[in-house]
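*Asks:* A predicted structure for the sequence below; I have some questions about it.
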Amino acid sequence: VDKLSSLKYIFLAGEALPGSLIDDFNALNTGIVLENIYGPTEATIYCSSYSTSDWQGQSRVPIGKPLSNMKLFVMDSSSKLVPVGVPGELCIGG
């Protein structure tokens, strides 16, 4: 843990973040902010971020909110916006 003392943030991306990993990390009491970063596999960009300091042990770790220069939309098969909680395709703009 002493080797990590100079770190302020750790950014994780590429795979779904298991909640158990957040719990294990938080048990270390490092003071480091663990961020779950999301971006589409097809491109090397990041479009959203979730700070695990907000983690409440939900069943899934959220991908977070759009970064400041990004917009996220969930749309149906007719390219119409869907309400919160309704499945659809994630569309990214920015």
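*Replies:* In hand now; what should we look at?
*Asks:* for the chain, which residue occupies the most central location?
*Replies:* Compute the mean C-alpha point of the chain, and by C-alpha atoms, centre = their mean the closest residue is I63, 3.0 Å away.
*Asks:* in stretch 31-42, what counts as buried?
*Replies:* Within stretch 31-42, the residues that qualify as buried are 32, 34-39, counting by 16 or more other C-beta atoms under 10 Å. All C-beta spots, glycine's among them, are computed from the backbone N, C-alpha and C.
*Asks:* again with stretch 46-59
*Replies:* Buried residues in stretch 46-59 (16+ other C-beta under 10 Å): 47-50, 52, 55.
*Asks:* what about it, average pLDDT?
*Replies:* Across stretch 46-59, the average pLDDT comes to 87.
*Asks:* and it, C-alpha only, in CSV?
*Replies:* Taking Å, rounded to 0.1, in the frame of the first residue of the first chain, the C-alpha atoms of stretch 46-59 are listed here in CSV:
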residue,chain,number,x,y,z
TYR,A,46,-13.8,7.3,-23.2
CYS,A,47,-17.2,8.7,-22.9
SER,A,48,-18.4,8.3,-19.4
SER,A,49,-17.1,8.0,-15.8
TYR,A,50,-18.4,6.6,-12.5
SER,A,51,-16.6,7.4,-9.3
THR,A,52,-16.7,4.3,-7.1
SER,A,53,-16.8,6.5,-4.0
ASP,A,54,-20.6,6.6,-4.8
TRP,A,55,-20.7,2.7,-4.7
GLN,A,56,-23.6,1.4,-2.5
GLY,A,57,-23.2,-2.3,-3.3
GLN,A,58,-25.7,-2.3,-6.2
SER,A,59,-26.0,-5.5,-8.3
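*Asks:* just how off-centre is it within its chain?
*Replies:* Mean-position distance between stretch 46-59 and its chain equals 5 Å (C-alpha atoms, centre = their mean, to the nearest Å).
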